[in-house]
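In: sequence? don't have it. structure:
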Ligand SMILES: [Zn+2]
Ligand SMILES: [Zn+2]
């Protein structure tokens with residue numbers, strides 16, 4: 001627990017009043033709100049209950065609220081005089097996992113997904129922390145509106161886990177129907193980071209992601225007479241192996257690049273050569289050139305491998321890049337990120353800021369809010385979610401065992417956001 005007093009002693013804060021106010025809000029409101037969100041997760045694009053709570057809370061706080069933006073998205077606006085427009089985003093969705101955290105408030109929810117299948121649902125990425133913190137931020141920014149000047153836009157975004165919610169909100173007029181932000185902020189709680197700490201890079205924070213579906217068409221036959229058919233399992237296996245040469249042999253080794261085949265489905269039984277295998281890929285890159293090289297390379301490798309193994313020209317595999325599960329890399333605006341870091345360091349203590357190296361190629365559709373063509377400057381950061389003593393052994397995000405420590409995660413997230421927003425919208 002980060003009690004108001006403990007944190008004050010721990011950091012030598014210059015803004016004790018803010019931290020105490022957030023801690024009190026957690027005890028009075030935010031703790032129960034988090035508990036409710038955690039018990040009642042919803043799948044991507046189906047965050048109806050969650051969005052309803054977000055809209056009701058933000059309306060009650062005095063914000064001008066619009067629902068149904070890009071699906072279940074919620075937009076709340078507070079106009080507070082002249083100055084820049086700052087947007088703060090929280091994502092709302094859970095994941096199709098059966099929670100095994102052992103927590104008292106573990107989810108037992110099941111929901112029928114957009115594919116018609118009933119699935120267990122769990123907040124296994126910590127988005128419940130984000131939406132709880134957005135309400136806490138909304139309350140503090142309203143209470144302190146004499147201390148800043150500008151327009152604040154708070155958004156609750158659907159479907160981050162399937163990386164289509166951010167773009168859906170932009171396409172539904174987020175930047176035309178509402179005040180267009182100069183700067184967009186978001187944070188993600190991190191199981192890999194000790195509670196109380198903040199990691200705010202000056203450059204890239206997450207990779208691009210593209211989902212690709214490949215259908216390999218073979219010619220079915222008896223397993224004992226393979227020469228009479230074309231075995232799609234052998235062809236697909238070769239495709240999987242050859243795809244690994246794209247990152248390793250065709251991309252500059254100093255650039256991040258991943259082609260992961262996460263799903264491989266085919267076949268009926270032991271002695272039947274089937275006529276189809278379906279592959280599902282995720283493709284990750286840190287810059288647009290690498291991304292394009294990987295996507296084009298997949299087309300080339302799939303076609304070439306299939307031809308080499310006897311698939312006829314008219315039955316070549318189909319390669320489909322998802323039109324919705326696609327996001328560019330998320331790259332912080334260096335100057336704005338530096339401003340926010342300075343403000344957080346001054347208000348919360350410089351020792352709370354850490355520079356953890358990236359350890360993988362996670363993606364985040366926050367990128368859609370801050371692509372270069374939008375002109376919106378982005379700052380995205382991580383907030384610690386695991387007690388320091390447990391960081392080394394904490395279950396990761398998207399694990400059914402995932403368990404974040406909500407109180408210090410929410411309190412730190414709210415404080416960092418309020419400090420950042422006030423620094424970016426100074427009075428006068
Ligand atoms: Zn996630
Ligand atoms: Zn997440």
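Out: Looks like it arrived, so ask away. All of these numbers come straight from a predicted model, not from anything done at the bench. Ligands and ions are numbered 1, 2, ... in the order given.

In: can you map out the helices along this structure?
Out: 4-11, 16-25, 31-39, 48-60, 127-143, 165-171, 232-243, 245, 288-308, 334-348, 406-424 (DSSP state H).

In: could you dump these to JSON lines with mean neighbour count and mean pLDDT?
Out: Any C-beta I mention is one placed from the backbone N, CA and C, and that applies to glycine too. Shown next, in JSON lines, are these (neighbours: other C-beta atoms under 10 Å; pLDDT from 0 to 100):
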{"stretch": "helix 4-11", "mean neighbour count": "16", "mean pLDDT": "44"}
{"stretch": "helix 16-25", "mean neighbour count": "19", "mean pLDDT": "96"}
{"stretch": "helix 31-39", "mean neighbour count": "19", "mean pLDDT": "98"}
{"stretch": "helix 48-60", "mean neighbour count": "19", "mean pLDDT": "98"}
{"stretch": "helix 127-143", "mean neighbour count": "25", "mean pLDDT": "98"}
{"stretch": "helix 165-171", "mean neighbour count": "22", "mean pLDDT": "97"}
{"stretch": "helix 232-243", "mean neighbour count": "20", "mean pLDDT": "98"}
{"stretch": "helix 245", "mean neighbour count": "13", "mean pLDDT": "97"}
{"stretch": "helix 288-308", "mean neighbour count": "17", "mean pLDDT": "97"}
{"stretch": "helix 334-348", "mean neighbour count": "18", "mean pLDDT": "98"}
{"stretch": "helix 406-424", "mean neighbour count": "26", "mean pLDDT": "98"}
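
In: Make CSV from those and add distance to residue 258 to it.
Out: Putting these into CSV (distance: least, C-beta to C-beta, whole Å) gives the following:
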stretch, distance to residue 258
helix 4-11, 37
helix 16-25, 38
helix 31-39, 31
helix 48-60, 31
helix 127-143, 23
helix 165-171, 21
helix 232-243, 10
helix 245, 13
helix 288-308, 8
helix 334-348, 25
helix 406-424, 28
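
In: With residue 85 as the reference, name the closest of those.
Out: Set against residue 85 and scored by C-beta to C-beta, the helices of the chain come closest in helix 406-424, at 9.7 Å.

In: What is the closest one packed up against?
Out: Packing partners of helix 406-424 (3 or more C-beta pairs under 8 Å, 6 or more residues apart in numbering; DSSP states H and E): helix 16-25, helix 31-39, strand 85-91, helix 127-143, strand 183-194, helix 334-348, strand 377-386.

In: Now render the ones you listed as JSON lines, adding distance to residue 242.
Out: Formatted as JSON lines, these follow (distance: least, C-beta to C-beta, whole Å):
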{"stretch": "helix 16-25", "distance to residue 242": "53"}
{"stretch": "helix 31-39", "distance to residue 242": "43"}
{"stretch": "strand 85-91", "distance to residue 242": "35"}
{"stretch": "helix 127-143", "distance to residue 242": "36"}
{"stretch": "strand 183-194", "distance to residue 242": "33"}
{"stretch": "helix 334-348", "distance to residue 242": "38"}
{"stretch": "strand 377-386", "distance to residue 242": "35"}
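
In: Residue 112 contacts residue 120, correct?
Out: No: using C-beta atoms under 8 Å, residue 112 is not in contact with residue 120; the gap is 11.6 Å.

In: For the two, indicate the residue with more neighbours.
Out: residue 120 (18 against 11; other C-beta atoms under 10 Å).

In: ok, now how distant is the more buried one from residue 96?
Out: Going from residue 120 to residue 96 by C-beta to C-beta, to the nearest Å gives 6 Å.

In: again, but for residue 270
Out: From residue 270 across to residue 96, the span is 31 Å (C-beta to C-beta).

In: Looking at these two, which is more packed in?
Out: Set side by side, residue 270 and residue 96 show more neighbours around residue 96, with 18 against 6, by other C-beta under 10 Å.

In: Just the pLDDT at the more buried one, thanks.
Out: On the pLDDT scale, residue 96 is placed at 97.

In: Skip the chain neighbours and tell me the closest residue to it.
Out: For residue 96, ignoring the flanking residues on the chain, the nearest one in space by C-beta to C-beta, 6 or more residues apart in numbering is residue 119 at 4.0 Å.

In: Tally up the residues packed near the one you found, please.
Out: Neighbour number of residue 119 under other C-beta under 10 Å is 16.

In: how's this protein carved up into domains?
Out: Domain ranges of the chain: 4-207+329-424, 208-326, per automatic domain parsing.

In: Do me a favour and get the end-to-end distance for the shortest one?
Out: This means domain 208-326. Start-to-end span of domain 208-326 (C-alpha to C-alpha, to the nearest Å) is 8 Å.

In: quick revisit: among the helices of the chain, which comes closest to residue 149?
Out: It is, among the helices of the chain and with distance given as C-beta to C-beta, helix 406-424, at 9.9 Å.

In: just how off-centre is that closest one within its chain?
Out: The chain centre lies 18 Å from the centre of helix 406-424; the measure is C-alpha atoms, centre = their mean, to the nearest Å.

In: what inclination does it have with respect to helix 127-143?
Out: 50 degrees (axes from the mean of the first three to the mean of the last three C-alpha atoms, to 10 degrees).

In: Give me the phi and psi for the residue most central in space within the chain.
Out: In the chain, the residue lying closest to the centroid (C-alpha atoms, centre = their mean) is residue 364, at 4.0 Å. Torsion angles at residue 364 (phi, psi; degrees, to the nearest 10) stand at phi -160, psi 120.

In: you'd agree it is up against residue 330?
Out: Yes: using C-beta under 8 Å, residue 364 makes contact with residue 330 at a distance of 5.0 Å.
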